[in-house]
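Participant: Mind folding the following:
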Amino acid sequence: MSLVQITHHDEFIYKILEKPPPEPPKTPRYESKLERQLKETKIPQLKRTFGYAETPLKPPEQFLKKGEGIGQQSKKSDHKCLASGNLPPVPKRPPPGKEPEKPKVNFKVLNIKKVIKAKAKPVEPRLVDTRNGHIKKIKGSGEVPEYCLRQDFGQVPEYLMKRNRRIQKQLEKIKQAEENKESLCKLITEEERLKLLEDLKHNWQLMQKAFLQLPMLTDTIPKILKKTKMEQELRQLEKDIALIESNPFIYIYD
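Facilitator: Numbering: from 1, shown residues only. Next up is the predicted model:
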């Protein structure tokens, strides 16, 4: 085994390790050109106040004269009427001459004739009911019968006649439907009757078997209720069996 003794060396640990790559340069921050121009052209307005403490008034000689106020501005329009060749020609003025003579009418004579032929205005019947001359109209006062003299007095109104006709049509439809209605009563065949009797007897046997399996001692309420219920069902089955055996024709309703 050989030993190597190093007495002098120029190694440096920070030079042995690889240096990390340099960071990329950052992009310059965005600055608006308009903002720079505004800052250059901006003029500070100093020494501003809130205004006068009291608004100064004009002297009396400077009163508002006609036409000096703020008038309504006229609306200007850019519309231009473009004349085309399809417009009709301008009508010519009639030649100068004498105007046609108008017929002379005597309006006084006409008015007199109209008044003579006109009928007199009918006098409205009125009633004086006090000594001071209080006048009221007879029409609508209730003193003279008016409602009973109407043409439709005592007649059935039209809306009631329409309602009665509508009800009559509905009744006729119901009556017709009942007449054409099929009978709900149906006679069962002999095979169905025997099959029903056989099923009832089978149910009675099963119920009788379950009833005989009940305990003899009924010392609790549930036992008593169960036994009573089964006895009622057995009696009902016996009645149904006897009814079907005694009646060969049986009708049922759907």
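
Participant: if you skip the residues just before and after it, what's nearest to residue 249?
Facilitator: Among residues not flanking residue 249 along the chain, residue 187 sits closest, at 6.5 Å (C-beta to C-beta, 6 or more residues apart in numbering). Heads up, the C-betas are built off the backbone N, CA and C, glycines and all.

Participant: The one you found pairs with what?
Facilitator: Per DSSP bridges, the residues bridged to residue 187 are residue 251.

Participant: Mind picking out the helix or strand in the chain with the poorest mean pLDDT?
Facilitator: Sorting the helices and strands of the chain by mean pLDDT, DSSP states H and E puts helix 13-16 at the bottom, at a mean of 70.

Participant: The helix or strand containing residue 38 packs against which elements?
Facilitator: Secondary structure assigned from DSSP states H and E places residue 38 in helix 33-41. For helix 33-41, there is no helix or strand it packs on, judged by 3 or more C-beta pairs under 8 Å, 6 or more residues apart in numbering; DSSP states H and E.

Participant: CA-only coordinates of it, as PDB, when you get a sec.
Facilitator: Output of helix 33-41 as PDB, limited to C-alpha atoms (Å, rounded to 0.1, in the frame of the first residue of the first chain):
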ATOM      1  CA  LYS A  33     -46.800  57.900 -24.900                       C
ATOM      2  CA  LEU A  34     -50.000  59.800 -24.300                       C
ATOM      3  CA  GLU A  35     -49.400  60.000 -20.600                       C
ATOM      4  CA  ARG A  36     -45.900  61.500 -21.200                       C
ATOM      5  CA  GLN A  37     -47.300  64.100 -23.600                       C
ATOM      6  CA  LEU A  38     -50.000  65.000 -21.000                       C
ATOM      7  CA  LYS A  39     -47.400  65.500 -18.300                       C
ATOM      8  CA  GLU A  40     -45.400  67.700 -20.600                       C
ATOM      9  CA  THR A  41     -48.300  69.800 -21.800                       C
END
